[in-house]
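K.L.:
need coordinates for the following:
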Amino acid sequence: MISNICRMRCNCSLIHQSWKHLGIQVMGDFLRNNELTRFVFHKRIYQLFLLVFVLLLLPFFSFSQLTGGTISATGCQTYNTAHFVGQTAAITGQNGLVAITYTWERSTDLAFTSPTIVGAGGTDLSDNYTFTGRTYYRRKVENDGNTAYSNIVTIDPNPVIGISPTSPSACLGDLSFSVTYGTLFDPNRYSIVWGGAASGVFPDVNTGLTTDNLIGTPGTLVVPISAAAGTGTFTGTLTVLNTTTGCTTSGSASLVVNALPTATITAGGLTTICTGESVTLTAGGGTSYVWSTGSALNAISVASSGSITVTATDINGCKATSSPTT
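P.N.:
So this is what the prediction gives:
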């Protein structure tokens, strides 16, 4: 019995010692695991902060190639005005933390061998430049050490025609009138479409601009008209076309049709004369005269019988012939 009791005491002591060691081990494991937990927690906080930081900055960065965007312009423009080129599609691939630099270039050759810098900054351009012919534009974009170019736009100058006299005139009964002309930027066709009182009376010229009728410059235009329209000021639209560029220019054209003068002859006495007598005839109704005798005087002396007329020319260059005087 005593032996059994001793054995039980020994076993209890061993159990106590085992629990004691087990408790120390668990406590140590807990402390070690708690430090590991704090480390993992701090690591997760750092990773979360880094993720948020990257997400906030991500919109400012681009991982695609820088492009110059797209620009456009009206293909035909008046040669001596400000020329506008605008952006139609924005650039891509820019670094949002670095300012974008825009530089506009103009060139008279498509290769941009020696371009002229005509603008810096801004997405659009207004270039106050007088064209001498076909002109090209492009936009250079620089960002964070990268360079890109937009597409190239081509602008051609609208053709120009100048006529002399600028306000032509004709006389009643004329079937045409003439003007001299000079051109810029090579128009090779013109049209005249009459309006108002002349519409349907004066024949239109080259409607639809289908025929090359401007050959060489300077030159002369002979424009048909009709006496049926009477006198007055008539207007139409004059258009010139360069068929190579497709550019046109239109403007108002006017014509004044003047009335004819009334030529008169006034005798300074009886027109029935005897041998050795004479009579003075005086012309009227114009600013200059030509008699049927060949004289260009305002008054002539006649000493023989016969039929005489005078042609009077007025200030507008219109002419009329008098009734004969016998």
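
K.L.:
can you give me the strands in the stretch 51-200 of the chain?
P.N.:
70-72, 76-77, 82-89, 101-107, 116-120, 125-128, 135-143, 146-149, 153-157, 160-164, 169-171, 176-184, 189-194 (DSSP state E, counting those that start in this stretch).

K.L.:
how about Leu260, what does it touch?
P.N.:
Residues in contact with Leu260 (C-beta atoms under 8 Å, 6 or more residues apart in numbering) are Cys171, Leu172, Gly173, Asp314, Cys318, Lys319, Ala320. Where you see a C-beta, it was placed from the backbone N, CA and C, and this is true even at glycine.

K.L.:
now with 10 Å?
P.N.:
Residues in contact with Leu260 (C-beta atoms under 10 Å, 6 or more residues apart in numbering) are 171-174, 231, 285-286, 312, 314, 316, 318-321.

K.L.:
which residue ranges of the stretch 1-150 of the chain form helices?
P.N.:
For the stretch 1-150 of the chain, applying DSSP state H, counting those that start in this stretch gives helices covering 2-57.

K.L.:
shaky segments in it?
P.N.:
Residues of the stretch 1-150 of the chain that meet the criterion pLDDT under 70 lie in 1-64, 94-97.

K.L.:
cutoff 80 now
P.N.:
1-65, 91-99, 121-122 (pLDDT under 80).

K.L.:
relative to Pro157, how far out is the residue nearest the centre of the chain?
P.N.:
When the chain is reduced to its mean C-alpha position, the nearest residue by C-alpha atoms, centre = their mean turns out to be Gln77, at 2.5 Å. Distance of Gln77 to Pro157, computed by C-beta to C-beta, to the nearest Å: 7 Å.

K.L.:
now for the two: what residues contact both?
P.N.:
Shared contacts of Gln77 and Pro157, counting by C-beta under 10 Å, 6+ apart, come down to His83, Phe131, Thr135, Cys247.

K.L.:
contacts only, for the closest residue to the last one other than its chain neighbours.
P.N.:
Using C-beta to C-beta, 6 or more residues apart in numbering and skipping the chain neighbours, the partner closest in space to Cys247 is Cys76 (3.7 Å). Listed by C-beta under 10 Å, 6+ apart, the contact partners of Cys76 are 154-159, 185, 242, 245-249.

K.L.:
could you dump those residues to JSON lines with pLDDT, distance to Thr88 and neighbour count?
P.N.:
Formatted as JSON lines, those follow (pLDDT from 0 to 100; distance: C-beta to C-beta, whole Å; neighbours: other C-beta atoms under 10 Å):
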{"residue": "Thr154", "pLDDT": "97", "distance to Thr88": "15", "neighbour count": "13"}
{"residue": "Ile155", "pLDDT": "98", "distance to Thr88": "15", "neighbour count": "23"}
{"residue": "Asp156", "pLDDT": "98", "distance to Thr88": "19", "neighbour count": "20"}
{"residue": "Pro157", "pLDDT": "98", "distance to Thr88": "22", "neighbour count": "24"}
{"residue": "Asn158", "pLDDT": "98", "distance to Thr88": "22", "neighbour count": "21"}
{"residue": "Pro159", "pLDDT": "97", "distance to Thr88": "27", "neighbour count": "24"}
{"residue": "Phe185", "pLDDT": "97", "distance to Thr88": "27", "neighbour count": "22"}
{"residue": "Asn242", "pLDDT": "97", "distance to Thr88": "26", "neighbour count": "21"}
{"residue": "Thr245", "pLDDT": "97", "distance to Thr88": "22", "neighbour count": "20"}
{"residue": "Gly246", "pLDDT": "97", "distance to Thr88": "21", "neighbour count": "10"}
{"residue": "Cys247", "pLDDT": "98", "distance to Thr88": "21", "neighbour count": "22"}
{"residue": "Thr248", "pLDDT": "98", "distance to Thr88": "24", "neighbour count": "18"}
{"residue": "Thr249", "pLDDT": "97", "distance to Thr88": "26", "neighbour count": "20"}
